[in-house]
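Colleague: next comes the sequence, and after it the predicted model I'd like to discuss.
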Amino acid sequence: MLRLIIIALLVMTGCSSPQINDNTSWDWQISGKIYYKTPQERGSANLLWQHAKQLDSIQLSGPLGQGATRFVFSPSNARLLKDGKVIKSADNINELLADSLPWQIPIDNLKGWLASPQQENEFVENGWQVTASQFDHLQRPKKIAARHDDYQLTLLISKWIP
């Protein structure tokens, strides 16, 4: 009986959650690597970020795709998926990331830094000291380094689509 209740809850959660299908039209996609440093640890992950107007998908993985974890989020819902199954959900991506990762990603800020060409190479936003560099032919950054207190993030973008 408990198994049926859990399945019913997952189905109901899935109905109200953001959905990705083969017809999702992404405004932009990036792939690359994200490096992080906290007072406790440092590490890196491969990154695939797909963005549409009301939907984002961020996949983080280790070497050769090991441990692939996907965050799918809209303005009103966020889910963490592993092997295609919902592991956690939250009302917003910031809450889900804080509960799921040992390091910070300023997701709303980072989305803005990626979405518009930078006129300045160095700036401060919401306490994050940011350096954007190595721009492509459309003036999109290929490297973003950000620091907030003891947290450091570096995003190296190997590919932009479109």
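Modeller: Here it is on my side, so go on. Residues are numbered from 1 along each chain as shown.
Colleague: next up, the contacts around the residue nearest to the spatial centre of the chain.
Modeller: Geometric centre of the chain, nearest residue: I58, 4.1 Å, by C-alpha atoms, centre = their mean. I58 makes contacts with 47-50, 70-71, as judged by C-beta atoms under 8 Å, 6 or more residues apart in numbering. Backbone N, C-alpha and C define where each C-beta goes, glycine included.
Colleague: at 7 Å what do you get?
Modeller: Shown in contact with I58 (C-beta atoms under 7 Å, 6 or more residues apart in numbering): 47, 49, 71.
Colleague: which of the three states applies to it?
Modeller: strand (DSSP: H, G, I helix; E, B strand; the rest coil).
Colleague: okay, and the beta partners of it?
Modeller: W49, F71 (DSSP bridges).
Colleague: please check the contacts of I58 and keep the buried ones.
Modeller: 47, 49, 71 (16 or more other C-beta atoms under 10 Å).
Colleague: so how far is L101 from the residue nearest to the centre of the chain?
Modeller: According to C-beta to C-beta, to the nearest Å, I58 and L101 sit 11 Å apart.
Colleague: doesn't N109 make contact with E125?
Modeller: Yes: between E125 and N109 there is a contact at 5.5 Å, judged by C-beta atoms under 7 Å.
Colleague: okay if I get the contacts of I58 as TSV plus distance to D83 and pLDDT?
Modeller: Shown next, in TSV, are the contacts of I58 (distance: C-beta to C-beta, whole Å; pLDDT from 0 to 100):
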residue	distance to D83	pLDDT
L47	18	96
W49	20	95
F71	14	96
